[in-house]
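Visitor: Just the structure for this:
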Amino acid sequence: MRILFVAPSYYPHVGGVEYVVKSIAERLAKAGHEVSVLAGEAEAEAPREEEINGVRVVRWPVWSPGGAYHFPRQRGRLEELVRAEARAADVIHLHNVHSVFAIYALRAVANAGARKILTPYYHGTGHTALREFLWIPWRVYVKKMLKYINIIHTVSKREAKLVEKDFNTKAIPIENGVEEWILNVQWRPESYVMYSGRIEKYKNIHRLANIVKILNQKYKMEIDLRIFGKGPFRDKLEQYLKKLGVPFTLQDPQPFEKYIEHLSHARIFALLSEKESYPQSINEANALGTPAVTAEPWGENFAGRTRTLIVSLKQSDEAIADAIAQFLEKAQKEPRPQVPTWDEVTKRYVAELYNAPTT
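Guide: All right, here's what the predicted structure looks like:
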């Protein structure tokens, strides 16, 4: 097949959507499919093309204030390119309705004959008051554009429920996978709790710091907090951590192999975020067997997995700390969770999204 992916940006840029697209695209190319990726590029002055691991990548200039939205530049030329690519494609797979770039591309290929798949990564709203307000008209527009999509794919069952609720349309949930070699890495815990990802207030890293302090004072755990990431809340978080007096390190995002190494040695990986679609970090912690703490409501994506604790953010920090202390005693005796690999997930994409009958 000839498959065109449309994504807000692409490797080597780091991000959840970028990682998913790369993981699927490279495996499809390795299987003999002709794969192209059209991606936004905030630093580009003009379009450029390259090949990465068998995948043709076209980078298009975008305006991306604060690393979000990805407004396409040179829109007339972009429409011409997208339509030309669509005429040669069997499948067009668009990613992320939180990105203007993907929806703009969908508008350009609305009537193309290729099968059109959309993976929205839909959270139900924005991450700030401004973004929540902007989502009111944007949700209406996205809903209108969905009539041009053949299949909606979500990365979790919870996201599928949100899509059906807000857009009145069914979705096919296929969860993300992990790199095959990760299954051979053993969990060897050291004395730290780890967080890796965007540093935003809604991620509740400051609450995690409170919990680490309680675990140290109440349960004598002698653990520190290790944070890897960037984001608009980073400076305020660092000030808060220093004032709180909890032992911590705060570093930039790590190369993938180094990140997995840190994750495999964490005593706990915790993500107390209020808004997620399907956090890959929890998936990878599960694959390694590292005990993982997630939050409702999106934590239900991981319900039933061993070594996984789902907490309510309505609980106090002390109540969550108590639950974690009890969880750790039980988790280390449980078997490693079962997590699909990207090879397995890619085969499901082909069978259930790209080759499946459409109505």
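
Visitor: Can you list the neighbours in contact with stretch 158-175?
Guide: The contact list for stretch 158-175, computed with C-beta atoms under 8 Å, 6 or more residues apart in numbering, reads 120-124, 139, 142-143, 146, 151-157, 277-278, 283, 297-298, 300-301, 340, 345, 348-349, 352-353, 356. C-beta here means a position set from N, CA and C on the backbone, and glycine is covered the same way.

Visitor: Quick check: Trp181 vs Val345, distance?
Guide: Counting by C-beta to C-beta, to the nearest Å, the gap from Trp181 to Val345 is 15 Å.

Visitor: re earlier: only whichever of the contacts of stretch 158-175 are buried, select them in ChimeraX.
Guide: To isolate in ChimeraX the members of those that are buried, counting by 16 or more other C-beta atoms under 10 Å, one can use:
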select :120,121,122,123,124,142,146,151,152,153,154,155,156,277,278,283,297,298,301,340,345,349,353
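
Visitor: Which ones among the contacts of stretch 158-175 map onto strands?
Guide: Judged by DSSP state E, strands contain the following of the contacts of stretch 158-175: 151-154.

Visitor: what about this structure, any weak spots by pLDDT?
Guide: Applying pLDDT under 70 to the chain picks out residues 66-69, 125-131, 358-359.

Visitor: What segments of the stretch 51-200 of the chain are strands?
Guide: For the stretch 51-200 of the chain, the strands defined by DSSP state E, counting those that start in this stretch occupy 55-63, 71-72, 91-95, 115-119, 151-154, 172-173, 192-196.

Visitor: Nearest to Arg48, out of the ones you listed?
Guide: Each of the strands of the stretch 51-200 of the chain has some distance to Arg48 by C-beta to C-beta; the shortest is strand 55-63, at 5.3 Å.

Visitor: pretty sure His95 contacts Glu18?
Guide: No: contact criterion C-beta atoms under 8 Å: His95 and Glu18 do not qualify, at 9.1 Å.

Visitor: what's the span of stretch 217-232 from first residue to last?
Guide: With C-alpha to C-alpha, to the nearest Å as the measure, the first residue of stretch 217-232 is 30 Å from its last.

Visitor: Report the buried residues of that stretch.
Guide: For stretch 217-232, using 16+ other C-beta under 10 Å, the buried residues are 221, 223-229, 231.

Visitor: Which residues does that stretch contact?
Guide: Here stretch 217-232 has contacts from 66, 191-200, 203, 205, 208-209, 212, 215-216, 237, 241, 246-254, 259, 262, 266-267, 318, 321-322, 325, using C-beta under 8 Å, 6+ apart.

Visitor: who's in contact with Leu81?
Guide: 38, 47, 58, 60.

Visitor: Val17 versus that one, what's the distance?
Guide: 21 Å.

Visitor: Okay, buried residues for stretch 170-182 please.
Guide: Using 16+ other C-beta under 10 Å as the test for burial, stretch 170-182 gives 171-179, 182.

Visitor: Report the two of these separated the most.
Guide: So, those by C-beta to C-beta: farthest apart are Ala171 and Ile182, at 27.0 Å.
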